[in-house]
Structure formats: structure tokens, C-alpha cells
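A.B. asks: heads up, no residue letters with this:
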């Protein structure tokens, strides 16, 4: 059960990243190399994300996977995001 909670937290963090960075689903899908349906399913908790896909998307967003894994809560994640207008 604990593993599922961790997975759900990661998926919700993907939605949080997209929301905070104001990225549309299509752009997020392009950054992760997946379809918009896949991103939607991830955000709803219907699908699980592969580590390879997660790392690829985070790299494209400029978020190191190691930093992503270190974050304990959504609130800490938001406070550590480096959001720019670029």
C-alpha cells in the first residue's frame, strides 16, 4: 500500500509541476515524449509513469531527477521550483 501512495504522490506532483509552471497538457506531453492522453491518465492516477519517462520529462523541464526524489512534500517542491518566464 505504501508503494501505491508513493506512486500517486509522484503522479500528483507531475500535475503540480504542470500547473505551477503553467504548461498546457500538449506541451507537457511533448516534453515527456508521450501523448496528451497519457499525461491526463497520469494526472488522474489511472496510469503509472516509467522511471525512464519521468527522468526524460524532468530533464526537459530542467528539474534534476535526484532533486525530485529528495522532496518530501508538495509544499517543499513548490518552494524549491525555479520558475522563470523564459
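C.D. replies: Received, thanks. This one's a predicted model, so the numbers in the text were calculated from it and none came from an experiment. Residues are numbered from 1 along each chain as shown.
A.B. asks: phi, psi of residue 45?
C.D. replies: phi 80, psi 10 (degrees, to the nearest 10).
A.B. asks: cool, the one 10 residues further on as well?
C.D. replies: Here is the backbone geometry of residue 55 (degrees, to the nearest 10): phi -60, psi -40.
A.B. asks: looks like it contacts residue 65 (just checking).
C.D. replies: Yes. The criterion here is CB atoms under 8 Å, and residue 55 meets it with residue 65 at 4.8 Å. For the C-beta atoms, the positions are set from N, CA and C on the backbone; glycine is no exception.
A.B. asks: who's more crowded, these two?
C.D. replies: Using other CB atoms under 10 Å, the more surrounded residue of residue 55 and residue 65 is residue 55, with 17 against 14.
A.B. asks: what's the burial count for residue 21?
C.D. replies: Residue 21: 16 neighbours (other CB under 10 Å).
A.B. asks: just the pLDDT at it, thanks.
C.D. replies: Note on residue 21: pLDDT of 87.
A.B. asks: check residue 53 too.
C.D. replies: Residue 53 is assigned 92 on the pLDDT scale.
A.B. asks: hmm, it is touching residue 34, no?
C.D. replies: Yes. Judged on CB under 8 Å, residue 53 makes contact with residue 34 at a distance of 6.4 Å.
A.B. asks: neighbour-wise, which of those two wins?
C.D. replies: When residue 53 and residue 34 are compared for neighbours, residue 34 comes out ahead with 19 against 15, by other CB under 10 Å.
A.B. asks: wait, doesn't that one sit right on residue 56?
C.D. replies: No. Taking contacts as CB under 8 Å, residue 34 lies outside contact range of residue 56: 9.1 Å.
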